[in-house]
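J.: next one to model:
(one chain, ligands or ions: 1)
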Amino acid sequence: MPGARPTLYISRLLPDPVMAVVRQQFQLVAEPFGTVPAQSALREGLCHADAAIVTLGDCVDAETIHVAPRLKILANYAVGYNNIDLAAAQQRGLIVTNTPDVLTDATADLTWALLLATARRVVEGDALVRSGHWTGWSPTQLLGAEVSDKTLGIIGMGRIGQAVAQRAVGFRMPVLYHTGRAMAVSSLPREWEYRSLQNLLVEADVVTIHVPLTPATHHLIGSRELSWMRPTAFLINTARGPIVDEAALVEALKRGIIAGAGLDVYEEEPALHPGLAQLKQAVLLPHLGSATLQARVQMGLVCLKNIQAVLDGRPAPNQVH
Ligand code: DGY
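T.: Residues are numbered from 1 along each chain as shown. Below you'll find the predicted structure:
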């Protein structure tokens, strides 16, 4: 039908300002819900769409891609795209895009929130006040660790890793970094020093992870790597859960191999490895990295920009390869 709006599948309800644009410009294949769709519903939705916005909880595997012959673009509502079988998409000429830049600050800020909350026992403090058992100020109550002047080790120096490093200045924290390139990155400030993974883990007081999840980074941090860390050190992960061997982490926390962990992501999200929830030295967030209204609206608009480009026959600004 001439002038008909293109069909769009959205796997989850997005913030109102994004939905308003969506409803104006597209014909929705199905009304999105706030919860993860069943795999059958995801397939059914993609099968009838010209374009789709999917999220990190949607597994877009080869089989799912092959049942969606008219689909031209999969706009992933995230910077990470490990939920999509990229090889299968490329094989069938399906364009995949992500949402870089717009969530960098939100995720870097959340990383620092988690880092400070873990080191300074913020969650335990909140629980104590709410419990009604707080008897007042005490010189020995909930003593935490200072992060100022301590060494920050960053694994992965992409946009988010760099934004985390920039925020370390206010805490006078020297920055060490490791990337998969096995050498210093010449474009990075000289005061940020490259280390091998082992040396970074040995030297850092706080280790924070900012690499994408790929076969090479799966379980990058396991029991051997945790054993290289200091018993006073903290591990922060706002990247992807499976980069850390969660069973090994629970064991390391229980045995005092490291002092604490701040996690925003989990290996089998939303499930937790048995024992993790009981550990007070772990601060656990429900994957809030990009969860600001500003970032989530911008992420939606970036998805729509990419979709519009592809449907108009132009290159997608954020195509991933
Ligand atoms: C991302 O974009 O990969 C984030 O994890 C979403 O919150």
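
J.: hey, let's count contacts and neighbours off CA atoms from now on
T.: Noted.

J.: secondary structure element for the closest residue to Trp228 other than its chain neighbours?
T.: Nearest-residue entry for Trp228: Val202, 5.3 Å, with adjacent residues in sequence omitted and distances by C-alpha to C-alpha, 6 or more residues apart in numbering. Using DSSP states H and E, the element containing Val202 is helix 197-203.

J.: what is that helix packed up against?
T.: strand 152-155, strand 175-178, helix 223-228 (3 or more C-alpha pairs under 8 Å, 6 or more residues apart in numbering; DSSP states H and E).

J.: which neighbours does the following helix or strand past it have in its sheet, and in what orientation?
T.: Toward the C-terminus, helix 197-203 is succeeded by strand 206-209 as the next helix or strand (DSSP H and E). If you go by DSSP bridges, strand 206-209 pairs up with strand 152-155 (parallel), strand 234-237 (parallel).

J.: name the SS class of Ala165, please.
T.: Following DSSP: H, G, I helix; E, B strand; the rest coil, Ala165 is assigned to helix.

J.: wait, Asp109
T.: helix.

J.: give me every residue that touches it.
T.: Val164 (C-alpha atoms under 8 Å, 6 or more residues apart in numbering).

J.: now Leu197
T.: 155, 178.

J.: how far away is it from the ligand?
T.: 23 Å (C-alpha to the nearest ligand atom, to the nearest Å).

J.: domains in this protein, by residue range?
T.: 7-102+293-311, 104-133+140-284 (automatic domain parsing).

J.: export those to a markdown table and tack on mean pLDDT and distance to Asn318?
T.: Below are those laid out as a markdown table (pLDDT from 0 to 100; distance: least, C-alpha to C-alpha, whole Å):
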| stretch | mean pLDDT | distance to Asn318 |
| --- | --- | --- |
| domain 7-102+293-311 | 97 | 5 |
| domain 104-133+140-284 | 97 | 14 |
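
J.: what about the residue in the stretch 201-321 of the chain positioned nearest to the ligand, distance to Val164?
T.: Using C-alpha to the nearest ligand atom, the closest approach of the stretch 201-321 of the chain to the ligand is made by Ser290 at 4.3 Å. Computed with C-alpha to C-alpha, to the nearest Å, the distance linking Ser290 and Val164 is 14 Å.

J.: any idea which element whatever residue of the chain ends up closest to the ligand lies in?
T.: For the chain and the ligand, the shortest gap (C-alpha to the nearest ligand atom) falls at Ala78, measuring 3.1 Å. Using DSSP H and E, Ala78 sits in no helix or strand.

J.: contacts only, for it.
T.: Counting by C-alpha under 8 Å, 6+ apart, Ala78 has contacts 55-56, 98-100, 299.

J.: same thing but at 10 Å, please
T.: 53-56, 97-100, 102-103, 290, 296, 299-300, 303 (C-alpha atoms under 10 Å, 6 or more residues apart in numbering).

J.: show me where the stretch 1-150 of the chain has its helices.
T.: 16-25, 39-47, 62-66, 86-91, 104-119, 122-131 (DSSP state H, counting those that start in this stretch).

J.: please tell me how far the residue nearest to Gln319 when sequence neighbours are not counted sits from Ala182.
T.: Sequence neighbours aside, Thr97 is the residue nearest to Gln319 in space, at 4.2 Å (criterion: C-alpha to C-alpha, 6+ apart). Distance of Thr97 to Ala182, given as C-alpha to C-alpha: 28 Å.

J.: neighbour count for these two, which is higher?
T.: Taking other C-alpha atoms under 10 Å, Thr97 and Ala182 do not tie; Thr97 has more neighbours (26 against 11).

J.: for Leu103, give its distance to Gly300.
T.: Distance of Leu103 to Gly300, computed by C-alpha to C-alpha: 11 Å.

J.: remind me, longest helix of this protein?
T.: helix 293-311 (DSSP state H).

J.: buried ones in that one, by neighbour count?
T.: 295-304, 306-308, 310 (16 or more other C-alpha atoms under 10 Å).

J.: let's see that helix as CSV, backbone CA atoms only.
T.: Provided in CSV are the C-alpha atoms of helix 293-311 (Å, rounded to 0.1, in the frame of the first residue of the first chain):
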residue,chain,number,x,y,z
LEU,A,293,16.1,8.4,31.6
GLN,A,294,18.4,10.5,29.4
ALA,A,295,20.5,7.5,28.3
ARG,A,296,17.6,5.2,27.7
VAL,A,297,15.7,7.8,25.6
GLN,A,298,18.8,8.5,23.6
MET,A,299,19.4,4.8,23.1
GLY,A,300,15.9,4.5,21.6
LEU,A,301,16.4,7.5,19.4
VAL,A,302,19.8,6.0,18.1
CYS,A,303,18.0,2.8,17.3
LEU,A,304,15.3,4.7,15.4
LYS,A,305,18.0,6.7,13.5
ASN,A,306,19.7,3.6,12.4
ILE,A,307,16.4,2.0,11.3
GLN,A,308,15.4,5.1,9.4
ALA,A,309,18.7,5.1,7.6
VAL,A,310,18.5,1.5,6.5
LEU,A,311,14.8,1.7,5.4
